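Trainee: below are the sequence and a predicted model for it; my questions follow.
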Amino acid sequence: DQDLIMQRIIEAIVQDVTISCAYYTMSREDLTRRMIDPYYLVPRAGHLYLIGFCHLRGEVLTFRLNRFHSIELTHKKFFIEDDFQIDAYLDKLWGIKADGRETTFTVRFSRDVARYIKEHRYDSKPQLEDLADGSLLLRVTTRGAEEFLRWMKQYGKDAELLEPAEYRRQLLEEYRILADMYGQQK
């Protein structure tokens, strides 16, 4: 039950105790037993995430709350390391997941969607520039390239990735595959 899982995580955060849990990793389709020191609960894109030190991986990781299958509180106390800063951990993330180096994206949005882009509240701090034709230029530096591209692609033909060139080429190849797929008669 997700309510019980959230209640236990909050208890563990308040008491500074390690949790023992079963967690489903979607990318590997794997259920693992883990010990986690729960630091913070963070909302992103309609989901709650736990940020904490994973004893299995030996590093601070991000866990989506609805992927926990069971949680028990242990009696093991933990302390957040002095060099861990939640603001720095979340800095320049488009969503919740960092995927390596910082990348600066420049996207032109058509006038048809520009107002929707401007009204959205972003966790990252994009620069928005109105263009004379009513379109909008968005520039943002993020450590979450995959999440950014997934977000941008929802706007289809109304979003043109201008930079960086490597991701523009990647999108071109992806769109060629889609064009071939949709061009085939069934």
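Mentor: On my side now, so go ahead. Here the structure is a predicted model, which is why all the values come from computation and not from measurement.

Trainee: ok, and what's touching the lengthiest helix in the chain?
Mentor: In the chain, with assignment by DSSP state H, the single longest helix is helix 165-183. With contacts defined as Cβ atoms under 8 Å, 6 or more residues apart in numbering, helix 165-183 is touched by 103, 105, 145, 149, 153, 161-162. Using the backbone N, CA and C atoms, a C-beta is placed for each residue, glycine as well.

Trainee: buried sites along that helix?
Mentor: For helix 165-183, the buried set under the neighbour-count rule, 16 or more other Cβ atoms under 10 Å, comprises Tyr167.

Trainee: please renumber so the chain begins at 52
Mentor: Let's use 52 as the start, then, which means that last one is helix 216-234.

Trainee: can you list the contacts of helix 216-234 in JSON lines and add pLDDT and secondary structure?
Mentor: Output for those, formatted as JSON lines (pLDDT from 0 to 100; DSSP: H, G, I helix; E, B strand; the rest coil):
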{"residue": "Thr154", "pLDDT": "85", "secondary structure": "strand"}
{"residue": "Phe156", "pLDDT": "90", "secondary structure": "strand"}
{"residue": "Ala196", "pLDDT": "82", "secondary structure": "helix"}
{"residue": "Leu200", "pLDDT": "88", "secondary structure": "helix"}
{"residue": "Lys204", "pLDDT": "90", "secondary structure": "helix"}
{"residue": "Leu212", "pLDDT": "93", "secondary structure": "strand"}
{"residue": "Leu213", "pLDDT": "95", "secondary structure": "strand"}
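
Trainee: residues near Ala63, how many?
Mentor: 24 (other Cβ atoms under 10 Å).

Trainee: quick one: Thr192 and Thr157 touch, right?
Mentor: No - judged on Cβ atoms under 8 Å, Thr192 makes no contact with Thr157 at a distance of 10.4 Å.

Trainee: follow-up on the earlier one: pipe the contacts of helix 216-234 into CSV and attach distance to Ile60 and neighbour count per row.
Mentor: Output for the contacts of helix 216-234, formatted as CSV (distance: Cβ to Cβ, whole Å; neighbours: other Cβ atoms under 10 Å):
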residue, distance to Ile60, neighbour count
Thr154, 32, 20
Phe156, 33, 21
Ala196, 29, 21
Leu200, 30, 19
Lys204, 32, 13
Leu212, 37, 20
Leu213, 41, 13
